[in-house]
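Colleague: this one's structure only:
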């Protein structure tokens, strides 16, 4: 193996195994920060150790190496840790093959990172750092924030986990609905931040979308009886399926109705639709499942014109009932325009409290254009343009404005 | 086991309770809560405090004692009472705090003691 191949192997293993290794080590050591430090060190050690012999199970090699280093460090650092270190020697697995119930470890770690005692923005950063294996620099870049801000946020969150004794475990059944909600929200936020970044030069941040889908898949596999976890995965898969068609050859934004549906990822669509059917059979609808169902109806239509807008409108009514919000009402208005005409939709959009939201003005602009009220449409597009900080969206708005003359 | 301070904060510019009956109800609820956590082995210490107007601040950190007839921080919200409890982790402490908050009819801050 050349040194480049070998570095690539370590890098790939890092991407694929980092989250698992940290999760397992956190269970063994009972300390998230120590687990992270030791896993980092073990990967550094792999750079020198693996050229001689690549281990059959690289993830397990990392876990064992990290555990041994933790024992050394605990022994060195303080007498009172002596017993802890001895306990690790006696009880922890020594075979490379034995990594323990890895899936549960990761699930425990997701719930720890998304504990309600941590601030929501800290939950997102910590989840990406510990489970996604993103570096602090990458997390900062993903959210277009200062690296020092993100670093502080992560350090503070880890410190609170340790000092307040936030437990490393899946919550009890009676706490699960609340806690699961927080986990789902974090994964959804990571995805939406990737799918439509609020600022910046790119329309899509692929790495964030991929990471969110991976986490959603993990959660759905680990909690196959939770309809909302399955619903979120379905929603992300169906949304992700459209990503290739969402930008044109020049990187420009292509709205849903104008997308080339041959460019949609049909494997993701089949998988997402199967999950939505499973949810329908369970008949315990939640907000993510209903949104997934809406995405499934879109994905069913061979052309934009063939879209079953009545069904979508009915689903938005259900969503508005389950999780009412002005944004849901706005999306419902888009469906209403197709079923009852732009006049009614415009009336429905009129009194929404979303003046600072660019999509409200973009939607109004579109409805006004359809009604032939060009002057007002131009104004609405201009207002939308003032509110977005995404370059691709700005160019899209400029093209709509020039079409209006 | 970790010890946690559960502190109750009052806005001293506003009345804590709507009326005398509600205050008596809160006291009775807190008595019942105290009894329950004592029996569960979670109680360490606790009690209600007199109003901040009864507070005196002493500062002898600069080598000269300064005594001030006031609480340290000039804020509307002041500590009104507290419990010290023992719990295995934050989730357990938060569950006790939920009960405490309902009993005393006010928000409760949960803060771990430093270990060792």
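Modeller: Happy to help now that I have it. Note that the coordinates shown come from a computational prediction; the quantities given were computed from them, not determined experimentally.

Colleague: which parts of chain B sit against chain A?
Modeller: Where chain B comes near chain A, counting by Cβ under 8 Å from any Cβ of the partner chain, the residues are B:2, B:88, B:89, B:90, B:91, B:93, B:94, B:110, B:111, B:112, B:114. Any C-beta I mention is one placed from the backbone N, CA and C, and that applies to glycine too.

Colleague: neighbours of the fifth one, how many?
Modeller: Right, residue B:91. Neighbour count of residue B:91, defined by other Cβ atoms under 10 Å in any protein chain shown: 19.

Colleague: is it true that it lies in a helix?
Modeller: Yes - counting by DSSP: H, G, I helix; E, B strand; the rest coil, residue B:91 is located in a helix.

Colleague: wait, isn't it in contact with residue A:164?
Modeller: No - assessed by Cβ atoms under 8 Å, residue B:91 is found out of contact with residue A:164, at 10.2 Å.

Colleague: where does pLDDT dip in chain B?
Modeller: Per-residue confidence for chain B (pLDDT under 70) gives these ranges: B:116.

Colleague: count of residues packed around whichever residue of the stretch 51-200 of chain A sits closest to chain B?
Modeller: Going by Cβ to the nearest Cβ, chain B is nearest to residue A:167 of the stretch 51-200 of chain A, at 4.0 Å. Neighbourhood size, residue A:167 [other Cβ under 10 Å]: 18.

Colleague: for it, give me the pLDDT.
Modeller: On the pLDDT scale, residue A:167 is placed at 91.

Colleague: same check, this time on residue A:89
Modeller: 61.

Colleague: quick one, what contacts the residue lying closest to residue A:17 once chain neighbours are set aside?
Modeller: Among residues not flanking residue A:17 along the chain, residue A:59 sits closest, at 4.0 Å (Cβ to Cβ, 6 or more residues apart in numbering or on different chains). By Cβ atoms under 8 Å, 6 or more residues apart in numbering or on different chains, the contact list for residue A:59 reads A:13, A:16, A:17, A:20, A:21, A:99.

Colleague: now stretch A:174-194: buried residues?
Modeller: For stretch A:174-194, a neighbour-count test (16 or more other Cβ atoms under 10 Å in any protein chain shown) marks A:179-194 as buried.

Colleague: any idea which of those is closest to residue A:321?
Modeller: Closest to residue A:321 out of the buried residues of stretch A:174-194 is residue A:181 (17.5 Å), distances taken as Cβ to Cβ.

Colleague: and that closest one, how close does it get to residue A:104?
Modeller: Separation of residue A:181 from residue A:104 (Cβ to Cβ, to the nearest Å): 20 Å.

Colleague: give the next helix or strand downstream of the top helix by length along chain B.
Modeller: Secondary structure of chain B per DSSP state H: the longest helix is helix B:20-39. Going down the chain from helix B:20-39, the next helix or strand is strand B:43-48, by DSSP states H and E.

Colleague: what's in contact with that next one?
Modeller: When contacts are defined by Cβ under 8 Å, 6+ apart, strand B:43-48 is touched by residues B:3, B:6, B:34, B:37, B:80, B:81, B:82, B:83, B:84, B:85, B:86.

Colleague: filter those down to the ones in helices?
Modeller: Among the contacts of strand B:43-48, the members falling in helices (DSSP H) are B:34, B:37.

Colleague: write out the residues of the stretch 151-300 of chain A neighbouring chain B.
Modeller: So the stretch 151-300 of chain A meets chain B at A:163, A:164, A:165, A:166, A:167, A:171, A:175 (Cβ under 8 Å from any Cβ).

Colleague: what residues does the helix or strand residue A:280 falls within touch?
Modeller: Using DSSP H and E, residue A:280 sits within helix A:266-282. For helix A:266-282, contacts defined as Cβ under 8 Å, 6+ apart pick out A:220, A:227, A:230-231, A:233-235, A:237-238, A:240-241, A:285, A:289, A:292-293, A:295-296, A:299-300.

Colleague: by neighbours, which of the residues of the stretch 151-300 of chain A next to chain B wins?
Modeller: residue A:166 leads those on contacts (other Cβ under 10 Å) with 23 neighbours.

Colleague: how near is it to residue A:131?
Modeller: Distance, residue A:166 to residue A:131, by Cβ to Cβ: 16 Å.

Colleague: contacting residues for the closest residue in space to residue A:354 that isn't next to it in sequence?
Modeller: Distances taken as Cβ to Cβ, 6+ apart place residue A:360 nearest to residue A:354, at 4.2 Å, with adjacent residues excluded. Going by Cβ under 8 Å, 6+ apart, residue A:360 touches A:330, A:349, A:352, A:354.

Colleague: narrow the residues you listed to those in helices?
Modeller: A:330, A:349.

Colleague: with respect to chain B, which of the contacts of residue A:360 is nearest?
Modeller: So of the contacts of residue A:360, ranked by how close each gets to chain B (Cβ to the nearest Cβ), first place is residue A:354, at 31.3 Å.

Colleague: give me the phi and psi for the closest one.
Modeller: With angles defined as degrees, to the nearest 10, residue A:354 sits at phi -140, psi 30.

Colleague: quick one: it and residue A:330 touch, right?
Modeller: Yes - contact criterion Cβ under 8 Å: residue A:354 and residue A:330 qualify, at 6.4 Å.

Colleague: grab the nearest non-local neighbour of the residue in chain B positioned nearest to chain A.
Modeller: Of all residues in chain B, residue B:89 sits closest to chain A, at 4.0 Å by Cβ to the nearest Cβ. Of all residues not flanking residue B:89 in the chain, residue A:167 sits nearest, at 4.0 Å (Cβ to Cβ, 6+ apart).

Colleague: please enumerate the helices of the stretch 201-350 of chain A.
Modeller: A:206-222, A:227-240, A:266-282, A:287-300, A:309-322, A:326-340, A:342-350 (DSSP state H, counting those that start in this stretch).

Colleague: which residues touch residue 23?
Modeller: Because you didn't say which chain, this covers chain A. A:102, A:105, A:106, A:108, A:109, A:130, A:131.

Colleague: my question was about chain B, not that one.
Modeller: With Cβ under 8 Å, 6+ apart as the criterion, the residues that contact residue B:23 are B:16, B:17.

Colleague: from residue A:195, how far off is it?
Modeller: Relative to residue A:195, and taking Cβ to Cβ, residue B:23 is found at 53 Å.
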